[in-house]
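1. Have a look at this fold, sequence not included:
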Ligand code: SF4
Ligand code: SF4
C-alpha cells in the first residue's frame, strides 16, 4: 500500500532540505572533531566495571575459589570447566579451572554468581590470538594479581589498565613460559 | 593555413591539460577520503606524508601493481577496451573549456584552451554523450548480472538526464547568443547592475537560476555521482558496471569518473559562473599592481587561470560534499525526477527565456 505523506512545503521543495544537510556536513568539517581512536597508539580507557578477560583473585598466593561449581552452573555459554580437588587441610580447591574463551560471551554471570569473589572480569580487552585459547588456572591466576616475577603490580589512579606489556614476547628468553601468553593449551590434558 | 607554431602549441597545451587532469585524480581521491572522514567525525588516511597527502599516490601505485585479472566469462576485447572508452570522452571534452582570455603575441592569438572549436558547446554535448558507451560496454562485456544491471541503469539514467541538460544549455545559448565558449565567458564579464560601487557581473546563474539548478543536478546524474550513483550502487548491485574490473582497468574507471567530474565542474563554471572572469577582489588586486604591456597581459592570464581553477575547485569540492551528505535515490525516483520534473521544467525554462528575450529583458 502506498501511503501519501503530506510533508511541510519547505521539505517538499527538495533544495531547501539539501542545503540544510549540506550545512550540517560542512559544520562537521569546520569543527573537526573525531570520535575514533588511533589505536594502537592511543587506547580507550574503559571503566573498571568493563567485562573483559577473566582472572581469579587470590590472597597470598591462594586462590579464593572453593570449587563450588556455581559459575559453571550459571554460565550460559557452558564454557567453564572445573575439577575440584582437596588440599591437605581438607580445603576444597579447583585442581583444574579452564575457561574456553572462544565460547565465553562476557556476560559476567560467573562473576555475579561467585560467593567467594574469586572469579572476576578484568578490563583487559586485547584478546585476539591466532590460536583457540582455553584459559587454564595458572593463566587465570596470574592475570591481574601478579606480574611476571610474581609481584603484585600497583595500579595507580582510577581507570588504570592492568599492567600488561604491549608485546608480550619482548624480553622473554627462548623456551621460557610466557605468563602473558594467552592460554597455552599445551599445559592442558586433553 | 595552420602554421607549425599552432600545431606545436596545441600539442603542448593538450599535454599540459591531460597532465593536469590526471594529476587532479589522486588529489581528489585524497580530498574525497579525507573530507568524507571529517564529515563523519573520523580521521581518514593520515599515515603517508604530512596529513596523509600521499595517500592518492599510494592508492595509484597499489592499483598499478595489482594483478590484471580477466575473468573467464567476459568478452575479452570489449572488456579491455571499455575503461578507456569511458575515460576518453571526459578527457576530450575539456579541450574546449577556456582557462583564460586569449592573448596576442606578435600578431598571433594564443588561446588558453586546446581547441577553440566553432561548434563549441555542441561539441561538448556530443562527446559527453559518448561516455555512456564505456559504461555500457563494460557492463555488457563483463557478462555478469550485477554489471549488466548497472550498465542498464547507467544508460537509461544518462539518456534521461542528457535531455534536460541539453535544454538547460539551450536556454543559456539563447541568452548568450553565442555557441563558442570564449564569447560566452566574455558576455558574463559585463555588468548586470551596480549597487553602491559594487558591480554584479552577468554571471549565468544570476541570469538563468532555473537553468543552473537543472544543469547542476544533471551533471551529478551524468557523472554517476551521489545522489545519482545508481549504476554503482554498492549496497544493491555491489559496484555495478565496474564490478568485474580490477587493477588498472578499475583505476581507469576511477580516472573516468574523476575527469568527468572535472569536466562537469569546468562546464558549470564556464556556463554559469563566469568562467575565467576574475573573482571579486582579484580585479582590484590586478589593477593595483600597476603593470602594463606584455607583463600585464601575462599576469592577467595567471589571475584568470587562478580564478577559473578556484571556481572549478569549489565545484569539485561540492561533488564530494554532496556525495557525503545525500543518500542515494531509488531508481523510480531518479526516473520520476528526470522525466516528470526536470524535463518539463527545462522545456518551460526555454519557453520563458524565449519570451523574455522577445520582450527584450536579456
Ligand atoms: S562471562 Fe558469562 S559466558 Fe563468560 S565464563 Fe562467565 S558466565 Fe560464562
Ligand atoms: S563460583 Fe567462584 S568459588 Fe564457585 S567455582 Fe566459580 S570461581 Fe570458584
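-> Alright, I've got the coordinates. As the structure is a computational prediction, the values presented were derived from the model and not from experiment. Numbering: from 1, shown residues only, chains lettered A, B, ... in the order given. Ligands and ions are numbered 1, 2, ... in the order given.

2. The helix or strand where residue B:260 lies near chain A anywhere?
-> If you go by DSSP states H and E, residue B:260 is part of helix B:247-272. No - between helix B:247-272 and chain A, judged by Cβ under 8 Å from any Cβ of the partner chain, nothing touches; the nearest distance is 15.7 Å. The C-beta positions use only the backbone N, C-alpha and C, and glycine is treated the same way.

3. List the buried residues in the longest helix anywhere in chain B.
-> Across chain B, the longest stretch assigned as helix under DSSP state H is helix B:4-39. By neighbour count on 16 or more other Cβ atoms under 10 Å in any protein chain shown, the buried set for helix B:4-39 is B:10, B:13-14, B:17, B:21, B:24-26, B:28-39.

4. can you check stretch B:270-290 too?
-> Quick answer for stretch B:270-290 (16+ other Cβ under 10 Å): B:270, B:271, B:272, B:273, B:274, B:275, B:276, B:277, B:278, B:283, B:286.

5. what's the spacing between the nearest residue to the fourth one once chain neighbours are set aside and ligand 1?
-> I take that to be residue B:273. For residue B:273, ignoring the flanking residues on the chain, the nearest one in space by Cβ to Cβ, 6 or more residues apart in numbering or on different chains is residue B:311 at 5.3 Å. When distance is defined by Cβ to the nearest ligand atom, to the nearest Å, residue B:311 is 60 Å away from ligand 1.

6. And residue B:302, by the same measure?
-> In terms of Cβ to the nearest ligand atom, residue B:302 sits 69 Å off from ligand 1.

7. give me every residue that touches the residue nearest to that residue when sequence neighbours are not counted.
-> Spatially, and ignoring its direct neighbours in sequence, residue B:302 is nearest to residue B:100 (8.0 Å; Cβ to Cβ, 6+ apart). Shown in contact with residue B:100 (Cβ atoms under 8 Å, 6 or more residues apart in numbering or on different chains): B:112, B:276, B:300, B:301, B:302, B:304, B:305, B:308.

8. Name the SS class of residue B:100, please.
-> coil (DSSP: H, G, I helix; E, B strand; the rest coil).

9. picking that back up, packing partners for the helix or strand harbouring the residue nearest to residue B:273?
-> Assigned by DSSP H and E, residue B:311 falls within helix B:293-323. If you count contacts as 3 or more Cβ pairs under 8 Å, 6 or more residues apart in numbering or on different chains; DSSP states H and E, helix B:293-323 packs onto helix A:14-30, helix B:4-39, strand B:103-105, helix B:247-272, helix B:282-288.

10. Run the angle between the fourth one and helix B:4-39 for me.
-> So that's helix B:247-272. 100 degrees (axes from the mean of the first three to the mean of the last three Cα atoms, to 10 degrees).

11. what kind of secondary structure is residue 117 in?
-> Unless you meant another one, I'm taking chain A. coil.

12. that answer is for a different chain, and I need it for chain B
-> coil.

13. Could you say which helix or strand holds the spatially closest residue to it that is not a sequence neighbour?
-> Closest residue to residue B:117 apart from its sequence neighbours, by Cβ to Cβ, 6+ apart: residue B:123 at 5.1 Å. Using DSSP H and E, residue B:123 falls within helix B:121-142.

14. Report pLDDT for residue B:129.
-> You'll see residue B:129 listed with a pLDDT of 80.

15. if I look at it, how far off is ligand 1?
-> 62 Å.

16. check contacts around the residue nearest to that residue when sequence neighbours are not counted.
-> Distances taken as Cβ to Cβ, 6+ apart place residue B:162 nearest to residue B:129, at 6.0 Å, with adjacent residues excluded. With contact set as Cβ under 8 Å, 6+ apart, residue B:162 has these partners: B:125, B:128, B:129, B:218, B:222.

17. quick one: contacts for the residue nearest to residue B:326 when sequence neighbours are not counted?
-> Nearest residue to residue B:326 in three dimensions, chain neighbours excluded: residue B:227, at 4.2 Å (Cβ to Cβ, 6+ apart). Going by Cβ under 8 Å, 6+ apart, residue B:227 touches B:220, B:322, B:326, B:327, B:328, B:329.

18. Residue B:95 now?
-> B:14, B:17, B:113, B:114, B:115.

19. ok, back up a step: quick check: of the contacts of residue B:100, which has the highest neighbour count?
-> residue B:276 (28 neighbours; other Cβ atoms under 10 Å in any protein chain shown).

20. Specify the local secondary structure of that one.
-> coil.

21. Near ligand 2, which residues of chain A? Just list them.
-> A:65-71, A:82, A:113-114, A:116, A:118-119 (Cβ under 6 Å from any ligand atom).

22. In ChimeraX, select just the buried ones from those residues.
-> In ChimeraX, this line selects whichever of the residues of chain A next to ligand 2 come out buried by 16+ other Cβ under 10 Å:
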select /A:65,66,67,68,70,71,82,113,114,118,119
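
23. Tell me the one among the residues of chain A next to ligand 2 nearest to ligand 1.
-> residue A:71 (6.3 Å; Cβ to the nearest ligand atom).

24. Quick one: residues contacting the closest one.
-> Contacts of residue A:71 by Cβ under 8 Å, 6+ apart are A:80, A:82, A:109, A:110, A:113, A:114, A:119.

25. Report whether the second one is found in a strand, as I expect.
-> Spelled out, that is residue A:82. Yes - the assignment for residue A:82 is a strand, going by three-state DSSP.

26. For burial, what's the neighbour tally of the nearest residue to residue B:179 once chain neighbours are set aside?
-> Among residues not flanking residue B:179 along the chain, residue B:120 sits closest, at 4.8 Å (Cβ to Cβ, 6+ apart). Using other Cβ under 10 Å, residue B:120 is surrounded by 22 other residues.

27. returning to that earlier point: enumerate the positions of the helix or strand that the helix holding residue B:123 is followed by that are buried.
-> For helix B:121-142, the succeeding helix or strand toward the C-terminus, using DSSP H and E, is helix B:145-176. Neighbour-count burial for helix B:145-176 flags B:146-158, B:160-176 (criterion: 16+ other Cβ under 10 Å).

28. The longest strand along chain A: what's the following helix or strand?
-> The longest strand of chain A (DSSP state E) is strand A:92-100. For strand A:92-100, the following helix or strand on the C-terminal side (DSSP H and E) is helix A:109-113.

29. Residues touching that next one, excluding its own?
-> Here helix A:109-113 makes contact (Cβ under 8 Å, 6+ apart) with A:51, A:54, A:70, A:71, A:73, A:74, A:75, A:76, A:80, A:119, A:120, A:121.

30. now stretch B:181-201
-> Contacts of stretch B:181-201 (Cβ under 8 Å, 6+ apart): B:96-98, B:101-102, B:111, B:113, B:116, B:120-121, B:172, B:176, B:178, B:202-204, B:206-207, B:270-271, B:274-277.

31. now do 7 Å
-> With contact meaning Cβ atoms under 7 Å, 6 or more residues apart in numbering or on different chains, stretch B:181-201 is reached by B:96-98, B:102, B:116, B:120-121, B:176, B:178, B:202-204, B:206, B:270-271, B:274-277.

32. and ligand 1, which of those residues reach it?
-> Within the contacts of stretch B:181-201, nothing lies near ligand 1 by Cβ under 6 Å from any ligand atom.

33. quick one on the thing from earlier: indicate each strand paired with the longest strand of chain A and its parallel or antiparallel sense.
-> Strand A:92-100 sits in its sheet next to strand A:80-86 (antiparallel), strand A:134-135 (antiparallel), going by DSSP bridges.
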